[in-house]
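[1] Structure for the following, please:
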Amino acid sequence: MNALKGPFRLMFEDMRMQFYILTSITVALWLFFLVLGMSVDTFMGTLFGPYYGLFAIYPFLVYNKGYVYTLALGGTRKQFLFSMLAASGLFIVICMAVLNGIYQLNAFLLNQGVINTPLFHMGELVGSANPLLYFWVDLLWCVFLFGVSFGINSVWFYFGTVRFLLGLTGVALVVITYLAFADLRTLFTWIVENHLVFLHVIGAIGFAAAALSYVIMKNGPLERGGERSFFFKNKTVQD
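    Numbering: from 1, shown residues only. Down below sits the predicted model:
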């Protein structure tokens, strides 16, 4: 497989199909909201769900297809990871551009009195109507969703289901203990009052989780749970 071109093309074609499907769903959902808004005076729709859902769910599917196909066609783990992250980053930008284009078109038609259905955007929580800021908010959310999902799935793939569930149980116990004794009102107040900072924090978490995925899987197993230890390389042929 030719350097990164083959693996990237493989990931690009797969995500392009996902893009077409989710864009069609988003546009159909928007048209449905417009029709529904004609009969409901106080109705407000939202369109970010399909795209957000794509980048939250897709990392859990990629090892079942992209990873296996890349290695089967002579690619390496590192080529898969670079291609996956590059293609995903490209489609995050494209999807968010399309999504915010629809939002801006809806806002324009609403101001002109053509339609009467407002759309809720996550950027409204920041307290600004700047369209570039809205686009940036969507990018941060998608980076967070994709990065965390990819990180979780990489850990799952590396250690296998049993060890992953044991670790997840431990993490869940820590979180439950924290929630039982922490002052959540202070946390929620900070999120509301410093929402843009909060978005950059979760965006950084997404980047960190994606980086963790690379560190884990650059010498990862060929199949789920094929690695015995995090600290030692597996016995398969290395890239």
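[2] Which of the helices or strands spans the residue most central in space within the chain?
    The centroid of the chain falls nearest to residue 146 when counting by CA atoms, centre = their mean (2.5 Å). For residue 146, the host element (DSSP states H and E) is helix 131-159.
[3] Tell me which other helices or strands that helix touches.
    Using 3 or more CB pairs under 8 Å, 6 or more residues apart in numbering; DSSP states H and E, the elements in contact with helix 131-159 are helix 48-57, helix 59-72, helix 77-111, helix 161-181, helix 195-217. Where C-beta positions appear, they are placed from N, C-alpha and C, glycine not excepted.
[4] who does the last one touch, helix- and strand-wise?
    In terms of contacts (3+ CB pairs under 8 Å, 6+ apart), helix 195-217 is packed against helix 77-111, helix 131-159.
[5] what's the closest of these to residue 119?
    helix 77-111 (5.2 Å; CB to CB).
[6] Now that closest one: average pLDDT?
    The average pLDDT within helix 77-111 is 91.
[7] do the same with stretch 17-36
    Rounded mean pLDDT across stretch 17-36 is 91.
[8] what sits up against it?
    Applying CB atoms under 8 Å, 6 or more residues apart in numbering, the contact partners of stretch 17-36 are 43, 45, 47, 49-51, 54, 58, 91, 94-95, 98-99, 102, 106, 115, 117, 119.
[9] repeat that with 6 Å
    Among residues not part of stretch 17-36, those counted as contacts by CB atoms under 6 Å, 6 or more residues apart in numbering are 43, 45, 47, 50-51, 54, 91, 102, 115, 117.
[10] CA atoms only: put that stretch into PDB for me.
    Presented in PDB, the C-alpha positions along stretch 17-36 are these (Å, rounded to 0.1, in the frame of the first residue of the first chain):
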ATOM      1  CA  MET A  17     -20.200   7.900   2.500                       C
ATOM      2  CA  GLN A  18     -21.000   8.700   6.200                       C
ATOM      3  CA  PHE A  19     -20.900  12.400   5.300                       C
ATOM      4  CA  TYR A  20     -23.500  12.000   2.500                       C
ATOM      5  CA  ILE A  21     -25.800  10.000   4.700                       C
ATOM      6  CA  LEU A  22     -25.600  12.300   7.700                       C
ATOM      7  CA  THR A  23     -25.900  15.500   5.500                       C
ATOM      8  CA  SER A  24     -29.000  14.100   3.900                       C
ATOM      9  CA  ILE A  25     -30.500  13.300   7.300                       C
ATOM     10  CA  THR A  26     -29.600  16.800   8.600                       C
ATOM     11  CA  VAL A  27     -31.200  18.500   5.600                       C
ATOM     12  CA  ALA A  28     -34.300  16.400   5.900                       C
ATOM     13  CA  LEU A  29     -34.500  17.100   9.600                       C
ATOM     14  CA  TRP A  30     -34.200  20.900   8.800                       C
ATOM     15  CA  LEU A  31     -37.000  20.700   6.300                       C
ATOM     16  CA  PHE A  32     -39.200  18.800   8.700                       C
ATOM     17  CA  PHE A  33     -38.600  21.500  11.400                       C
ATOM     18  CA  LEU A  34     -39.600  24.200   8.900                       C
ATOM     19  CA  VAL A  35     -42.900  22.400   8.100                       C
ATOM     20  CA  LEU A  36     -43.500  21.700  11.800                       C
END
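[11] Enumerate the positions of it that are buried.
    18-19, 22-23, 25-26, 29-30, 33-34 (16 or more other CB atoms under 10 Å).
[12] Those in helices, which ones?
    If you go by DSSP state H, these have 18-19, 22-23, 25-26, 29-30, 33-34 in helices.
[13] from these, which is closest to residue 150?
    Nearest to residue 150 among those, with distances taken as CB to CB, is residue 18, at 14.7 Å.
[14] Would you mind measuring from that closest one to residue 24?
    Separation of residue 18 from residue 24 (CB to CB, to the nearest Å) stands at 11 Å.
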